[in-house]
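3D model of this:
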Amino acid sequence: MSPNPTRPLETTGDNEERIKRFLATASHDLQSPLRHIAMYAELLLDDLGETLDGEQLQSLRTIMEKAQAAQRLTKALMSLAGGAPQVTPEEVNLQALAEHVWPELVDETGAHDATLACRGLPSIRTDPALFGLVLRQLISNALTYRGSSPPHVAIAAEQQGENWLIRISDNGTGIDPAYRERIFEPFWKLPKAGTAPGAGLGLTTAQELLKALGGDISLERSDESGSRFTIRLPIA
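Next up is the predicted model:
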C-alpha cells in the first residue's frame, strides 16, 4: 500500500479565512444569549429595583452593562470578519480604560499580587470596544505568562509624528527568539509547559483589530526581564 499523502501546508490566506470564519460564527452565536442576559437584567431592575439594596442594584446594573458592551463588541467582530469593519471612533481616556479593565483581568487570571503602572496616560481617538479588546488581550497575556516574581505591568504612551505609540511592558518569562516571528500567527501558541488553554487567537485578533483601526502592533523587545509590545495608532 502506498503511504498516506502528506497533508498540504496551510497558507497565510487559509489561516486568515479560518480566523474570519471563527470570529463570524462565534460572534453571531453569542448575540442571542447576550441580548437575553441584558434584557432580563433590565427587567429585574424595573421589577425589583425598589426592593434591592445598593450593592444588589449595582450588581444588576453591572450585569446589564457588561452584556450590552459584549453585544457591541461581537457586532464589531462580525463586521470585521465580514471584511467591512464598522469602526466608531470617539474620545477614549486611556488612563480610565486601563484602570477599568485591570481589576477584571486580575480576577480572571488569579494574579492578585500583580501591580499596574500607568499614570498620566492621554485621551486618544479610537473605537473603544475594539481597542479595549486589544488592551485586555495584552494585559491578560502579561498576567498569564508570569515569572517567579509578582507580575508588574507598565503602560506608557507618547506622540510620535502623526501617531500614538502605546507601550505595554511586563516582567514575565519573555518569548524565546525562535518563536518571536510566530506569535501573531492564527491558532499558534507558545510551546511551554503549563500554557494557559485557549485557541491561540489572542494576538492574531489584536493585530487584525488594530489594522481595522489604522494601526499595528509589534514586539519591541523580549528577554529574561520580560516583554514589551508597542501599539501604533493614528492620532486623527
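
Where do the strands of the chain begin and end?
Using DSSP state E, the strands of the chain run over residues 90-93, 115-117, 123-126, 152-160, 163-170, 216-223, 226-234.

Can you add distance to residue 51, mean neighbour count and mean pLDDT and give those back as a markdown table?
C-beta coordinates here come from the backbone N, C-alpha and C atoms, glycine included. Shown next, in a markdown table, are the strands of the chain (distance: least, C-beta to C-beta, whole Å; neighbours: other C-beta atoms under 10 Å; pLDDT from 0 to 100):
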| stretch | distance to residue 51 | mean neighbour count | mean pLDDT |
| --- | --- | --- | --- |
| strand 90-93 | 35 | 12 | 96 |
| strand 115-117 | 37 | 15 | 98 |
| strand 123-126 | 40 | 18 | 96 |
| strand 152-160 | 41 | 17 | 97 |
| strand 163-170 | 44 | 20 | 98 |
| strand 216-223 | 48 | 15 | 94 |
| strand 226-234 | 46 | 20 | 96 |
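
what about these, which gets the closest to residue 35?
Of all the strands of the chain, it is strand 90-93 that lies closest to residue 35, at 23.1 Å by C-beta to C-beta.

What helices and strands are in contact with the closest one?
Counting by 3 or more C-beta pairs under 8 Å, 6 or more residues apart in numbering; DSSP states H and E, the packing neighbours recorded for strand 90-93 are strand 123-126, helix 128-144.

Can you flag the weakest of the ones you listed by average pLDDT?
If the helices and strands packed on strand 90-93 are sorted by mean pLDDT, helix 128-144 sits at the bottom with a mean of 92.

how far out from the middle of the chain is the longest helix along the chain?
Among the segments of the chain that qualify as a helix by DSSP state H, the longest is helix 12-48. With C-alpha atoms, centre = their mean, to the nearest Å as the basis, the distance from the averaged C-alpha position of helix 12-48 to the chain average is 16 Å.

which ones are touching the closest residue to residue 128 other than its chain neighbours?
The spatially closest residue to residue 128, leaving aside those adjacent along the chain, is residue 92, at 4.9 Å (C-beta to C-beta, 6 or more residues apart in numbering). Contact analysis of residue 92 by C-beta atoms under 8 Å, 6 or more residues apart in numbering lists 123, 124, 125, 126, 128, 131.

Can you add distance to residue 68 and give the residues you listed back as a markdown table?
Below are the contacts of residue 92 laid out as a markdown table (distance: C-beta to C-beta, whole Å):
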| residue | distance to residue 68 |
| --- | --- |
| 123 | 23 |
| 124 | 23 |
| 125 | 22 |
| 126 | 19 |
| 128 | 13 |
| 131 | 18 |
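
what's the closest of those residues to residue 56?
Distance ranking of these against residue 56, using C-beta to C-beta, places residue 128 first at 27.7 Å.

my guess is the closest one meets residue 96, correct?
No - under the criterion of C-beta atoms under 8 Å, residue 128 makes no contact with residue 96, lying 10.3 Å away.

distance of the residue nearest to residue 128 from residue 166?
With distances defined as C-beta to C-beta, to the nearest Å, the gap from residue 92 to residue 166 amounts to 11 Å.

shared neighbours of the two, anything?
Contact criterion C-beta under 8 Å, 6+ apart; residues bridging residue 92 and residue 166 by contacting each: residue 124.

Could you find the closest non-adjacent residue to residue 112?
Leaving aside its sequence neighbours, residue 112 sits nearest to residue 106 (C-beta to C-beta, 6+ apart; 6.0 Å).

next one: residue 218
Leaving aside its chain neighbours, residue 218 sits nearest to residue 230 (5.4 Å; criterion: C-beta to C-beta, 6+ apart).
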